[in-house]
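Visitor: Okay, sequence plus prediction incoming.
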Amino acid sequence: MGNADIGNPECWEDEDFSITVTEQNNGWRIDKLLSQQREELSRSYIQKLIGEGRVLVGGQTVKAGFKVSPGMDIRIFLPEPEELTAQPENIPLDILYEDEDVILVNKGKNMVVHPAAGHAGGTLVNALLYHCKGQLSAINGVLRPGIVHRIDRNTTGVIVACKNDKAHQSLSEQLKVHSITRKYNAIVYGAFDEEAGRIEGAVGRHPVDRKKMAVNEKNGKPAVTNYTVLENFGRLYAHVECRLETGRTHQIRVHMSHIHHPLLGDDLYGPAKNPFHLEGQALHARVLGFIHPSSGKYMEFTAPLPEYFTALADKLRKR
């Protein structure tokens, strides 16, 4: 269906789903209501559908800020699935666990999670498409099949992908309610006097530098990072474990920089000078735990610290 058809309900045979507004949702924005009713669809994607005229209230198009009332009938028409553009590539994977629902991989340095501008190939998605023979969930679209969450290119460690939509929906819900265990190891600038701490600060786009995130209480989303000091290396560096309660973009990097302990190798949020010639930030996603979508049992997976990380810790220990 081309753009000329958008907003014309006569071009659609059947809606993908419909909702009748209840008293409980009286006065809600329509984009908020739909994103809660269909949690596999992000609010931004819902807004895109509304902008394209694919959401009708009483047969009429509306805007994303439209306030609903009880009894209103909402019909949603999803676009036809796009042709998959990410291609399978035979890239070796360090697989920690795999079954019919999920696959957990220990991602290495300098590997992008999904294709994007400047990274059309060589990504984790390309490798997963080859290994899983295309058996990945479709909820996150053609360029991110199976991807529930992401870690930065130069962050190493455990990441989970889903092979079907049921598993994806289950893990997405767990992420939404912050019940997934996520522990990271990091080497940061500066020693600590305390043994542990908690950082609370909304993370959002930097008000000046749009490439960066920042603690931004005005426009950011709530974010919490708990940290435990594992070892101080003199007074200049420290090894910490960070446990996420939320999962905002660059959260650990932003939060640790905010308390004046930026990560070594992080030239975006820390010093431009890189004294140990690291390839990106010294950050490793070591532990990931969740309720398995089929068995209902809690499972926890650990990715061992990479060689570069332990070698750096040894070097700092001997200084």
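Guide: Nice, I can see it.

Visitor: measure the closest residue to Val125 other than its chain neighbours to Leu143 for me?
Guide: Distance criterion CB to CB, 6 or more residues apart in numbering; nearest residue to Val125, sequence neighbours excluded, is His114 at 4.5 Å. In short, each C-beta sits where N, CA and C put it, glycine included. Distance, His114 to Leu143, by CB to CB, to the nearest Å: 6 Å.

Visitor: now do Arg286
Guide: Note on Arg286: its distance to Leu143, by CB to CB, is 27 Å.

Visitor: more neighbours, those two?
Guide: More neighbours surround Arg286 than the other of Arg286 and Leu143, with 23 against 16 (other CB atoms under 10 Å).

Visitor: quick one: contacts for the closest residue to that one other than its chain neighbours?
Guide: When the adjacent residues along the chain are set aside, Arg286 lies closest to Asn185, with 5.1 Å between them (CB to CB, 6+ apart). Asn185 is in contact with 230, 239-242, 283-284, 286, 305, 309, counting by CB atoms under 8 Å, 6 or more residues apart in numbering.

Visitor: try 6 Å
Guide: Listed by CB atoms under 6 Å, 6 or more residues apart in numbering, the contact set of Asn185 reads 241, 284, 286.

Visitor: same question, Ile91
Guide: For Ile91, the contact set (CB under 6 Å, 6+ apart) comprises Ala127.

Visitor: Begin at 11, not 1, for the rest of this chat.
Guide: New numbering, starting at 11: the last item is Ile101.

Visitor: Could you report the pLDDT at it?
Guide: Looking at Ile101, its pLDDT stands at 96.

Visitor: swap in Gly128?
Guide: 57.

Visitor: just to revisit the earlier point, whichever strand or helix holds the residue nearest to Arg296: how far from the chain's middle?
Guide: Secondary-structure assignment from DSSP states H and E places Asn195 in strand 191-199. Chain-centre distance of strand 191-199: 17 Å, with CA atoms, centre = their mean, to the nearest Å.

Visitor: Kindly export it (C-alpha atoms) in CSV.
Guide: Extracted in CSV, the C-alpha atoms of strand 191-199 (Å, rounded to 0.1, in the frame of the first residue of the first chain):
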residue,chain,number,x,y,z
THR,A,191,18.9,-8.5,36.8
ARG,A,192,21.6,-6.5,35.0
LYS,A,193,25.0,-6.2,36.6
TYR,A,194,28.0,-4.5,34.9
ASN,A,195,31.6,-4.3,35.8
ALA,A,196,33.5,-1.0,35.1
ILE,A,197,36.9,0.5,35.7
VAL,A,198,36.5,4.2,36.5
TYR,A,199,38.6,7.2,37.4
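
Visitor: rewinding a little: quickly note the distance from the residue nearest to Arg296 to Thr32.
Guide: Distance of Asn195 to Thr32, computed by CB to CB: 46 Å.

Visitor: again with Tyr247
Guide: Applying CB to CB, the value for Tyr247 to Thr32 is 56 Å.

Visitor: Who has more neighbours out of these two?
Guide: Set side by side, Tyr247 and Thr32 show more neighbours around Tyr247, with 24 against 12, by other CB under 10 Å.

Visitor: For that one, give me the pLDDT.
Guide: 97.

Visitor: and if you look at Gly299?
Guide: The model's pLDDT for Gly299 equals 98.

Visitor: Same question for the one 4 residues further on.
Guide: With respect to pLDDT, Pro303 scores 97.

Visitor: Pretty sure Ser180 is one of the things it touches, is it not?
Guide: Yes: here Pro303 reaches Ser180: they are 3.6 Å apart, a contact under CB atoms under 6 Å.

Visitor: Quick check on the closest residue to Val72 other than its chain neighbours: phi, psi?
Guide: Spatial nearest neighbour of Val72, chain neighbours left out: Ile40 (6.1 Å); criterion: CB to CB, 6+ apart. Main-chain dihedrals, Ile40, degrees, to the nearest 10: phi -70, psi -30.

Visitor: Same question for the one 3 residues further on.
Guide: The main-chain torsion angles of Leu43 are listed as degrees, to the nearest 10 and equal phi -60, psi -50.

Visitor: Within its local environment, how many residues does it see?
Guide: Leu43 sits with 20 neighbouring residues when counted by other CB under 10 Å.
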